[in-house]
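Asks: got a sequence here, can you model it:
(2 chains)
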Amino acid sequence: MLVQKPFFELFFSYVMRYWPRILNLTWQHITISSIALAITLAVCIPLGIYLTKNEKLAPYVIGAANVFQTIPSLALLGFLILIFGIGNDNAICALFLYAMLPVLQNTYAGIKSVPQHLVQAARGMGMTEYQILLKVQLPIARPILIAGIRVATVWIIGTATLASAIGGGGLGRLIFSGLASIRNEVVLAGAIPATILALTADQGLKWLQEFYSPKARALRHARKTRSYDQQM
Amino acid sequence: MVLFEQVRKVYEDGTVAVDNLDLEIAKGEIAVLIGPSGCGKTTSLKMVNRLEALTSGTITVDGRNINDVDPVKLRRNIGYVVQEVALMPHMSVAENIGTVPRLLGWDHKRISKRVDELLALAKLEPGKYRYRFPEQLSGGQKQRIGVLRALAVDPELILMDEPFGALDPISRENLQNELLDLQKVVKKTIIFVTHDMDEALRMADKVVIMRQGRIEQMGSPDEIQENPKNDFIRGFIGEDRLAQISPDSPVEPLIQEPLLRVKPSVSAAEVLDLMEDEGCETAQVIDSDDRWKGMAMLGLLKRAARKGGAVTNGVRVDRKLFSEDATIRDAAEMLSDQDIPIPVVDEHGSFIGVVSSAGMAKLTISRLTRKGKGGKA
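Replies: You can find the predicted model right below:
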């Protein structure tokens, strides 16, 4: 008796009916991803900077991050059950380990790419080591740094869908339950928001990078002063 | 202003970069440290703002031992210009110049006023250059900004580490002149490192020639040129000066002895015979006081000889160069006009020598071989 309705009709009716749940899961997804990203940045950027000052350690630490990145993400989640049990903590930790490499490596490479004579000149002008880092090295390394963060962000948002496989939340719930019950409209209801999230985050970071590029900043500045000059 | 006492620098690998250096630089003086690479000139410079630590000895700046001053504070009060220019690529011209004022916590208005003031000082229109980025500037403009950056907080002492080394010869000369003009206004104490002897002689109040961490000779540019202490100095001055010759350099290096010198009292016929013996077509007529009386030329001389006159009847006196202001370019133009030697005289009319196309060719060859060997410019 059951007549298969057209797919899109099914999809739309599912979305119309369950949109609060989809929104809720999207929000969970964002939360998990943001926490994982925040931890990644908070750990890897300082660590990357530290490595530029202790070159001998660099190959070991970056090598370790590389190992985590190579382990299949689902398998990594499995390993972590031993430590964290099931749930979001486990997922966040796995995402962090997974996304370490691009941020760590790009921080390290970005700072190393700053020409030594600029650092020397900054020191010669009387900048403290901290000021050199903040005013010279990090701004010059920023494009490389942001490129690493973009990669990490997209990976985290994509991989966060696996969190539900070990009892975590997020849009993965819809995808996994859709797959289990062979209901493609449910799979899509999870997959589409997850994709949109990843693309938006990536574009947002790209825009941020352009906004803070020296040229764009100078242009804004010049425009501001020009209007200021006209007022005078 | 700056005093080096028994300063020694030994690197970890045991190389002695600076060996018991004693040097005093007076206020308002441009002291140029020069020497072959590895002579310790840059190390000596970097010890003044503590970019390199002293192994032993003391350096005092303005009466204070630099080791008693916090290095960061010390550096903020000493201007620093480096060869690579090292303008921050992510900062505009104004931000670059304002770096040290910002470190010292000046307020915004004061900084931008100072930046405009400095840009005007270098004849760069503030409205046009303030918001440019280093990549939008020519090499010469970049280094002008580099110098302005060092002047930003009006430090008494400025260190310059081969500041014009990376520039083409024309920009280099322009910047040297501008810096000298600027120095007349700002009267800073400047320690300047270079490997270019011409630059040293042009810029310096005091030239300090170094070798293997020691001072080989020190003195004003004139003293050094007139009394080079030994062959090393002589070689260093001569070689480099030759390398730096440009069309606008004085003719001096080209001057040679003439093939034939004759007294004014000699008859024209005798000179013709002498010319035939020597196989030349001209002779310089010089009296017993070394005064130049003209250049005897074959055609004119033959006519004078037919009349049986003295050599002075067959000379030309209008074709000559004055040693004070004649340039190589002048000589080359005259020679390409008429390929016979040009007499060179000083302002009192005394004979100095001649410039010939053979001498010009020799100079050209020596410059070409130098370039061919890939020697430093």
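Asks: got the phi/psi numbers for B:Ala17?
Replies: Phi and psi for B:Ala17, reported as degrees, to the nearest 10, are phi -90, psi -40.
Asks: just checking, it touches B:Lys41?
Replies: No. Using CB atoms under 8 Å, B:Ala17 is not in contact with B:Lys41; the gap is 9.7 Å. Every residue, glycine included, has its C-beta placed from N, CA and C.
Asks: those two - which one has more neighbours?
Replies: B:Lys41 (28 against 21; other CB atoms under 10 Å in any protein chain shown).
Asks: check the gap between the more buried one and chain A for me.
Replies: To chain A, B:Lys41 is 16 Å away according to CB to the nearest CB, to the nearest Å.
Asks: so the nearest residue to that residue once chain neighbours are set aside bridges to which residues?
Replies: Spatially, and ignoring its direct neighbours in sequence, B:Lys41 is nearest to B:Leu33 (4.0 Å; CB to CB, 6 or more residues apart in numbering or on different chains). B:Leu33 has these beta-bridge partners by DSSP bridges: B:Val193, B:Val208.
Asks: next, count neighbours for B:Leu33.
Replies: Residues near B:Leu33, counting by other CB under 10 Å, number 30.
Asks: measure it to B:Lys229 for me?
Replies: Per CB to CB, to the nearest Å, B:Leu33 is found 16 Å from B:Lys229.
Asks: and if you look at A:Gly172?
Replies: Using CB to CB, A:Gly172 is found at 83 Å from B:Lys229.
Asks: which of these two has more neighbours?
Replies: Higher neighbour count among A:Gly172 and B:Lys229: A:Gly172, with 25 against 14, using other CB under 10 Å.
Asks: need the contact list for B:Ala150.
Replies: Contact partners of B:Ala150, counting by CB atoms under 8 Å, 6 or more residues apart in numbering or on different chains, are B:Gly79, B:Tyr80, B:Val81, B:Ile158, B:Met160.
Asks: low-scoring stretches of the stretch 201-350 of chain B, by residue?
Replies: By pLDDT under 70, the weakly predicted segments of the stretch 201-350 of chain B are B:239-245.
Asks: which residues in it form strands?
Replies: Here the stretch 201-350 of chain B has its strands, by DSSP state E, counting those that start in this stretch, at B:206-211, B:214-219, B:261-262, B:282-286, B:292-297, B:315-316, B:321-322, B:342-345.
Asks: can you lay out those strands as a markdown table showing mean neighbour count?
Replies: Conversion of those to a markdown table gives the following (neighbours: other CB atoms under 10 Å in any protein chain shown):
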| stretch | mean neighbour count |
| --- | --- |
| strand B:206-211 | 24 |
| strand B:214-219 | 18 |
| strand B:261-262 | 17 |
| strand B:282-286 | 23 |
| strand B:292-297 | 22 |
| strand B:315-316 | 20 |
| strand B:321-322 | 18 |
| strand B:342-345 | 22 |
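Asks: redo those strands as CSV? Include distance to B:Lys362.
Replies: Shown next, in CSV, are these (distance: least, CB to CB, whole Å):
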stretch, distance to B:Lys362
strand B:206-211, 27
strand B:214-219, 29
strand B:261-262, 21
strand B:282-286, 19
strand B:292-297, 21
strand B:315-316, 25
strand B:321-322, 18
strand B:342-345, 15
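Asks: what's the closest of the ones you listed to A:Trp207?
Replies: Ranking the strands of the stretch 201-350 of chain B by proximity to A:Trp207 (CB to CB) places strand B:206-211 first, at 54.4 Å.
Asks: relative to strand B:214-219, how tilted is the closest one?
Replies: Orientation of strand B:206-211 against strand B:214-219 (axes from the mean of the first three to the mean of the last three CA atoms, to 10 degrees) gives an angle of 150 degrees.
Asks: is it true that B:Asp19 lies in a helix?
Replies: No. Going by DSSP: H, G, I helix; E, B strand; the rest coil, the assignment for B:Asp19 is strand, not a helix.
Asks: if I look at it, how far off is chain A?
Replies: In this view, B:Asp19 and chain A are 24 Å apart by CB to the nearest CB.
Asks: what's the answer for B:Leu175, then?
Replies: 18 Å.
Asks: without its sequence neighbours, what residue ends up closest to that residue?
Replies: Spatially, and ignoring its direct neighbours in sequence, B:Leu175 is nearest to B:Phe164 (5.2 Å; CB to CB, 6+ apart).
Asks: same deal with A:Ala194?
Replies: Nearest non-adjacent residue to A:Ala194, counting by CB to CB, 6+ apart: A:Leu171, 4.6 Å away.
Asks: and the residue nearest the centre of chain A, what pLDDT?
Replies: Nearest to the geometric centre of chain A sits A:Thr153, at 1.7 Å (CA atoms, centre = their mean). Here the pLDDT value assigned to A:Thr153 is 94.
Asks: swap in B:Val93?
Replies: Looking at B:Val93, its pLDDT stands at 92.
Asks: verify the stated contact: it with B:Phe133.
Replies: Yes. The pair B:Val93 / B:Phe133 is scored as a contact, 7.4 Å apart, by CB under 8 Å.
Asks: which residues sit against stretch A:116-132?
Replies: Residues from elsewhere that reach stretch A:116-132, judged by CB under 8 Å, 6+ apart: A:135-137, A:140, B:46, B:49, B:51, B:72-77, B:80, B:82, B:84, B:86, B:88-89, B:99-100, B:103, B:149, B:159.
Asks: SS state for A:Met127?
Replies: coil.
Asks: next one: stretch A:36-45 to chain centre, how far?
Replies: Put simply, stretch A:36-45 sits 9 Å off its chain's centre (CA atoms, centre = their mean, to the nearest Å).
Asks: what of stretch A:36-52?
Replies: Chain-centre distance of stretch A:36-52: 12 Å, with CA atoms, centre = their mean.
Asks: and for stretch A:177-195?
Replies: The answer for stretch A:177-195 is 23 Å, by CA atoms, centre = their mean.
Asks: follow-up on the earlier one: specify which member of the contacts of B:Ala150 is nearest to B:Arg114.
Replies: The closest of the contacts of B:Ala150, once distances to B:Arg114 are taken by CB to CB, is B:Gly79, at 13.6 Å.
Asks: any residue of the helix or strand containing the closest one touching chain A?
Replies: Following DSSP states H and E, one finds B:Gly79 within strand B:78-82. Yes. Judged by CB under 8 Å from any CB of the partner chain, strand B:78-82 and chain A are in contact via B:Tyr80, B:Val82.
Asks: and that strand, what does it pack against?
Replies: Counting contacts by 3 or more CB pairs under 8 Å, 6 or more residues apart in numbering or on different chains; DSSP states H and E, strand B:78-82 is packed against helix A:116-124, helix B:139-151, strand B:157-161.
Asks: quick one, the second one and strand B:78-82 angle?
Replies: Orientation of helix B:139-151 against strand B:78-82 (the same axes, to 10 degrees) gives an angle of 160 degrees.
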